[in-house]
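Asks: return atomic coordinates for the entry below.
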Amino acid sequence: MSNSEAGVIPKIVMGTFDPETRWRDSDLARLPAMPDKDRESIVLCMDELLFPFCGPDDVLYSRCKMDPALHEYLNGLGFSFRTRYHYDLNDEKEALPGPDVFKQCIFKLAADQSQLLKPANRVLQAAGSGYREGAVVPKSISPMNAADDLRHTQSPDQAAFPLAAKNLSPYAITADTEAYLHAAGPFCPLPDLETVVRVNSKMYSNRLLARIDEKCYGSEANSAAEMETTGTTLLKRGPYLLKDPFGVSGKGNLLIDSEAMQRRIADHLHKQEGSGLRSQFLLEPLLMKETDFSSHWFIRESGEKEFISVQRMMNHQQNYSGSIKADEAFNGMLENAGYYIVMEKALQAMVEDGYHGFVCFDSMILEDGEVVSIVEINARKSMGLINAYLDKWWEPYDHTGWLTFFSLGLPEGFTFGKLLQALRESGLLLTAPGDYGIVPLSSNTVMVNEILTRRRIADGTQIKRGMPKGRLYVSVVGRDDGHRSELVESLRQVLADLSVKVYN
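Replies: From the prediction side, this is the model:
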């Protein structure tokens, strides 16, 4: 049954990943970091990963045109959705956008396009339905009944609003979202930007813990001098993490393990303060963790809270590397530890502060068994939430997918079609929802830098090819952890056979 037949307004699903870089104040001092232009292009193309939030009448509005072979493959699995895009990088009749234009927020690009009233000839209609027949609209869900959490025709953001305006389902709200709302609206209500920015700051999550009478590990520092003073105290007990208020995985967080390193960072911040910038950081002792996990919720505009999923997270050196659904035993342990009571208090505080929408709480379990309920708050969609929505396709078969990625170096002549074909020929490609195998989730994260490099060489703006970087996101659907590991190793071999380097 399509959304229109069910009386649900089709929605537009879109957004720019890494919104934290767009939320932080421009006058804040920055921690040292290595620039990575290839990474930036990849992140800009991660919006393709939002397709699991779409039904057959919904539109995935992406920065770049999804590879038609991937769209056809996903449609064959039942992920039916329409697409709209801003750039077709493979269309050599269109000039490449300049780097500063290409990296603009998708909402600004879309707003500008709406203002120009371009013909709607970039909408592709896919046949079939992405939802199972007879599915039901979700109600408030107990964490202990998580197995049925996503078996529905409406996502929470659809069900939350009256059938009076278009439905925009953003990955995250940015400063450019409002411009798009005005240019292409009317849309159903979204929380205001000021509220979104505030609740996503690490300072907010740190203060929230004190507000709800929970253990708080962080210490705020508002100058390089304060950072050194607080850090010196922390170093007496061991290493600590220095966190930017809007730092993300692998960016904006530093592990400080010596006074010498602390001095170098303090000098770096002092210089920025001397040029008029201000420092604001959170310092946290490095906790001996056993398990990273996240819980995912939706707050309706009415203030009603809905549980969605708990996801175990795989992290490597403070970097996100994958998500997989937590089992019933894990959820039971959290319930016994009072985790969901803390979540209820935190969610209620966010309601009182004016937020509604998707919420992800990053949490962890320490080696001594202590549950750290809130490490940080992501008031937006998230990778774990994407995995939860993917899992609704595998759940009728009691299958679970592991969402992960591979950082790649691409050989000359590589195409996404070659990868799909190799996966199919090897028998690794999952071709029916009840099967096991590898499900590729995005094409442009793999190909964007290869395409840009090839075209820049052709038009003379770049001389050396090098080895363009890409990132392959996949869902690894297997019987258990052991089987999923076997599938991953087989995927690595397929990539090696294609002369693709894998860096992680």
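
Asks: just the pLDDT for S223.
Replies: At S223, the model reports a pLDDT of 97.

Asks: cool, and the one 10 residues further on?
Replies: Reading off the per-residue confidence, T233 sits at a pLDDT of 97.

Asks: can you check E133 too?
Replies: E133 is assigned 30 on the pLDDT scale.

Asks: quick one, strands of the stretch 351-500 of the chain?
Replies: Per DSSP state E, counting those that start in this stretch, the stretch 351-500 of the chain carries strands over the ranges 357-366, 371-378, 400-409, 437-440, 469-478.

Asks: where does L241 land in three-state SS?
Replies: Following DSSP: H, G, I helix; E, B strand; the rest coil, the label given to L241 is strand.

Asks: and the closest residue to V196 other than its chain neighbours, how close does it get to A346?
Replies: With sequence-adjacent residues excluded and distances taken as CB to CB, 6 or more residues apart in numbering, V196 is closest to I173, at 4.6 Å. Backbone N, C-alpha and C define where each C-beta goes, glycine included. Separation of I173 from A346 (CB to CB, to the nearest Å) stands at 20 Å.

Asks: neighbours around the residue nearest to V196, how many?
Replies: Look at I173: counted by other CB atoms under 10 Å, it has 25 neighbours.

Asks: please apply the same query to S407.
Replies: Counted with other CB under 10 Å, the neighbours of S407 add up to 16.

Asks: with the one 10 residues further on instead?
Replies: In terms of burial, G417 registers 14 neighbours under the definition other CB under 10 Å.

Asks: point out where the stretch 201-350 of the chain drops to low pLDDT.
Replies: 249-250, 315-320 (pLDDT under 70).

Asks: where do the strands sit along it?
Replies: Counting by DSSP E, counting those that start in this stretch, the strands of the stretch 201-350 of the chain are 219-221, 240-248, 251-256, 281-285, 289-299, 305-316, 319-325.

Asks: so what touches the third one?
Replies: I take that to be strand 251-256. Contacts with strand 251-256, where a contact means CB atoms under 8 Å, 6 or more residues apart in numbering, come from 18, 20, 31-33, 231, 235, 239-244, 246-247, 262, 265, 286, 318.

Asks: show me how far that strand is from its chain's centre.
Replies: Offset of strand 251-256 from its chain centre (CA atoms, centre = their mean, to the nearest Å): 19 Å.

Asks: next, the buried residues of it.
Replies: Going by neighbour count (16 or more other CB atoms under 10 Å), the buried part of strand 251-256 is K251, G252, N253, L254, I256.

Asks: for N206, see how far away K345 is.
Replies: K345 is 15 Å from N206, by CB to CB.

Asks: actually D292, not the one I typed
Replies: In this view, D292 and N206 are 18 Å apart by CB to CB.

Asks: so for these two, which residue has more residues nearby?
Replies: Taking other CB under 10 Å, D292 and N206 do not tie; N206 has more neighbours (22 against 19).

Asks: isn't that one up against E220?
Replies: Yes: between N206 and E220 there is a contact at 6.8 Å, judged by CB atoms under 8 Å.

Asks: hey, what's in contact with both of those two?
Replies: Overlap of the contact sets of N206 and E220 (by CB under 8 Å, 6+ apart) consists of L282.

Asks: the stretch 401-504 of the chain: helices as residue ranges?
Replies: Secondary structure of the stretch 401-504 of the chain (DSSP state H, counting those that start in this stretch): helices at 416-426, 444-458, 481-497.

Asks: name the residues of the first one that are buried.
Replies: The reference is to helix 416-426. For helix 416-426, by 16+ other CB under 10 Å, it's F416, L419, L420, A422, L423.

Asks: closest to F330 among these?
Replies: Nearest to F330 out of the buried residues of helix 416-426 is L423 (CB to CB; 30.8 Å).

Asks: check that closest one and give its pLDDT.
Replies: Value for L423, per-residue pLDDT: 98.

Asks: give me the nearest residue to it, chain neighbours excluded.
Replies: Nearest non-adjacent residue to L423, counting by CB to CB, 6+ apart: L429, 4.0 Å away.

Asks: identify the residues contacting the one you found.
Replies: Y73, L420, L423, G437, I438, V439, P440.

Asks: mind listing what the third one touches?
Replies: Right, the one you point to is L423. With CB under 8 Å, 6+ apart, L423 has these contacts: L429, I438, P440, L491, V494.

Asks: let's see 7 Å
Replies: L423 makes contacts with L429, I438, V494, as judged by CB atoms under 7 Å, 6 or more residues apart in numbering.

Asks: next, work out how far apart it and V439 are.
Replies: Counting by CB to CB, the gap from L423 to V439 is 10 Å.

Asks: which parts of stretch 225-245 are buried?
Replies: Buried, per 16+ other CB under 10 Å, within stretch 225-245: 226-228, 230-231, 234-235, 240-245.

Asks: dump the strands of the stretch 351-500 of the chain into JSON lines; add mean pLDDT as well.
Replies: Converted to JSON lines, those look like this (pLDDT from 0 to 100):
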{"stretch": "strand 357-366", "mean pLDDT": "97"}
{"stretch": "strand 371-378", "mean pLDDT": "97"}
{"stretch": "strand 400-409", "mean pLDDT": "96"}
{"stretch": "strand 437-440", "mean pLDDT": "98"}
{"stretch": "strand 469-478", "mean pLDDT": "97"}
